[in-house]
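> sequence and predicted structure below; questions after.
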Amino acid sequence: MSNHLQNGSKIEQRLQAPHLVAAAADLTHDILDGVPDRLVHSQGVARRAQFLSLTVEPHQARLLVAAAWLHDIGYAPRLRDTGFHPLDGARHLRAIGWPPAICSLVAHHSGARFVARVRKLDRELDAYRFSEDAVSDALTVADQTTGMHGEAMLPEERMREMLERHGPDSANALAHPQREPYLRAAAGRVTRRLDSIGVHTAIAA
Ligand SMILES: [Fe+2]
């Protein structure tokens with residue numbers, strides 16, 4: 001971990017707005033240093049979340065973008081514990097003192113609770129509060145519309161790519177019948193929020 005994030009008082013200082021996003025970007029670069037594809041994807045998700053912050057309350061925009069940076073840090077081999085990246089990422093963030101709201105968003109991004117059930121990690125994930133709201137919707141949609149190389153994708157293509165990548169016997173595939181309706185519903189809600197402010201874009205649900 002970067003030295004500047006190791007000192008307790010400095011961590012608290014940096015986790016206050018307006019430093020939250022910069023601290024999240026720094027930490028993600030540091031943790032995903034050896035996992036370049038995940039880092040590129042995370043950069044893309046953060047960029048997408050910046051745009052989708054139009055759909056959240058202004059005071060929640062930094063929270064959304066910071067969580068977008070951090071959402072996949074649990075893929076880093078050095079953070080691997082349960083092997084379930086949303087949980088491993090959230091646990092690390094909690095252990096080093098990040099705000100509970102960020103830990104919960106990372107733990108539950110993209111319908112992680114459905115996959116956790118298949119992996120029998122739902123009780124562990126329950127240690128983080130899930131709330132279905134504009135911020136969790138926007139984070140999920142940012143992730144579900146960003147490919148592995150940071151490119152923009154429609155949710156339909158992204159789900160297909162994810163199922164191919166994880167394989168037909170994977171927990172992701174087994175959870176898909178329950179998870180897919182949630183992902184589609186989140187995309188629908190975000191599309192309607194954008195519509196309501198006059199931004200008409202192609203987030204197909
Ligand atoms: Fe992701």
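Structure's in. What do you need?

> contact partners for the residue nearest the centre of the chain?
For the chain, the residue sitting closest to the mean C-alpha position, by CA atoms, centre = their mean, is residue 71 at 3.4 Å. The contact partners of residue 71, taken as CB atoms under 8 Å, 6 or more residues apart in numbering, are 42, 45, 86, 89, 105, 106, 109, 110, 139, 143. For glycine as for every other residue, the C-beta is placed from the backbone atoms N, C-alpha and C.

> what about the top helix by length along the chain, average pLDDT?
Looking across the chain with DSSP state H, the single longest helix is helix 171-196. For helix 171-196, the mean per-residue pLDDT is 96.

> ok, that helix near the ion or not?
No - Helix 171-196 is not in contact with the ion by CB under 5 Å from the ion; minimum separation 12.0 Å.

> okay, buried residues for that helix please.
Burial within helix 171-196, assessed by neighbour count using 16 or more other CB atoms under 10 Å, is assigned to 171-176, 179, 182-184, 186-191, 193-194.

> per-residue confidence for the residue nearest to the centre of the chain?
As predicted, residue 71 sits at a pLDDT of 98.

> just to revisit the earlier point, centre of the chain to the longest helix of the chain, how far?
Counting by CA atoms, centre = their mean, to the nearest Å, helix 171-196 is centred 14 Å from the centre of its parent chain.

> just checking, what packs against that helix?
The helices and strands touching helix 171-196, judged by 3 or more CB pairs under 8 Å, 6 or more residues apart in numbering; DSSP states H and E, are helix 112-118, helix 134-144, helix 155-166.

> pick out the shakiest of those helices, pLDDT-wise.
Within the helices and strands packed on helix 171-196, the least confident segment by mean pLDDT turns out to be helix 155-166, at a mean of 90.

> contacting residues around it?
Among residues not part of helix 155-166, those counted as contacts by CB under 8 Å, 6+ apart are 141, 144-148, 153, 170, 172-173, 176, 180, 183-184, 187, 203-205.

> tell me if it is near the ion.
No - contact of helix 155-166 with the ion (CB under 5 Å from the ion) is absent, the minimum separation being 9.3 Å.

> how about the residues of the protein by the ion?
Counting by CB under 5 Å from the ion, the residues of the chain close to the ion are 72, 143.
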